[in-house]
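K.L.:
after the sequence you'll find the predicted model.
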Amino acid sequence: MESQNVNNSLNVDMENNQETAFDYSKRAQWLRAAVLGANDGLVSTASLMMGVGAVKQDVKVMILSGFAGLVAGACSMAIGEFVSVYSQYDIEVAQMKRENGGHVEKEKLPSPMQAAAASALAFSLGAIVPLMAAAFIKEYKVRIGAIVAAVSLALVMFGWLGAFLGKAPVLKSSSRVLIGGWLAMGVTFGLTKLIGSHSL
């Protein structure tokens, strides 16, 4: 009898440990998705501003283009995440109905609205970095340098955080993210400058 009680206690502990591990795993996935969303907002908005800045040196034009990129990107991310998570929601509901005889445990289902809001917020947080860096600098070359410096610092931070959450090598991950961001900004700036100088 005593042995049975010990076994039951061990089983309960194991189940609790598994649930805790699952909770941490889900939380880490959400955090990594947030970091990737912020990185996306950072790189795409900075690249857009650099591209516009290659042909138009006016600070107002650069800020407006960056703001438009922030709004468009956040909306796109939110809608994409909403559609994706809603599809997952429908699949999980159908599976629960099959397994539980029509009973649906709503607390275990993903929230499409929450996912969409989190995705839009993460993108916006990343996108606001180059906007803030350029907002108060009128001198063109200093403004470009400020954007590159602020974005580079943020890229390293996002790379480190993504590596930490994914338990990957920090130096390699940060370097990859940084070089990728530089490449995106450089290519956008260069191509826009090339096309703009021939057609505008």
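P.N.:
Yep, it's here.

K.L.:
per-residue pLDDT, A154?
P.N.:
Reading off the confidence values, A154 has pLDDT 93.

K.L.:
could you point out which element follows whatever helix or strand M157 lives in?
P.N.:
Assigned by DSSP states H and E, M157 belongs to helix 140-166. Counting by DSSP H and E, the next helix or strand C-terminal to helix 140-166 is helix 170-199.

K.L.:
what angle separates that next one from helix 140-166?
P.N.:
Orientation check (axes from the mean of the first three to the mean of the last three Cα atoms, to 10 degrees): helix 170-199 against helix 140-166 gives 140 degrees.

K.L.:
now E139: phi and psi?
P.N.:
The phi and psi values for E139, taken as degrees, to the nearest 10, are phi -70, psi 120.

K.L.:
could you report the neighbour count for it?
P.N.:
For E139, the neighbour count with other Cβ atoms under 10 Å is 11. C-betas here are computed from N, CA, C, even on glycine.

K.L.:
okay, it and A146: tell me how far apart.
P.N.:
Distance of E139 to A146, computed by Cβ to Cβ, to the nearest Å: 9 Å.

K.L.:
same question, G69
P.N.:
Counting by Cβ to Cβ, the gap from G69 to A146 is 17 Å.

K.L.:
neighbour count winner among those two?
P.N.:
Under the criterion of other Cβ under 10 Å, the comparison of G69 against A146 puts G69 first, with 23 against 18.

K.L.:
what sits against the residue most central in space within the chain?
P.N.:
When Cα atoms, centre = their mean is applied to the chain, the residue found nearest the centroid is G37 (1.1 Å). Residues in contact with G37 (Cβ atoms under 8 Å, 6 or more residues apart in numbering) are M77, A118, S119, A122, F123, G126.

K.L.:
other SSEs contacting the helix or strand harbouring the last one?
P.N.:
What it means is G126. When elements are assigned from DSSP H and E, G126 belongs to helix 112-135. If you count contacts as 3 or more Cβ pairs under 8 Å, 6 or more residues apart in numbering; DSSP states H and E, helix 112-135 packs onto helix 2-55, helix 59-99, helix 140-166.

K.L.:
buried residues in it?
P.N.:
Residues of helix 112-135 classed as buried by neighbour count (16 or more other Cβ atoms under 10 Å): 112, 115-116, 118-131, 133-134.

K.L.:
and what of stretch 70-85?
P.N.:
L70, G73, A74, M77, A78, E81, F82, V85.

K.L.:
great, nothing more from me.
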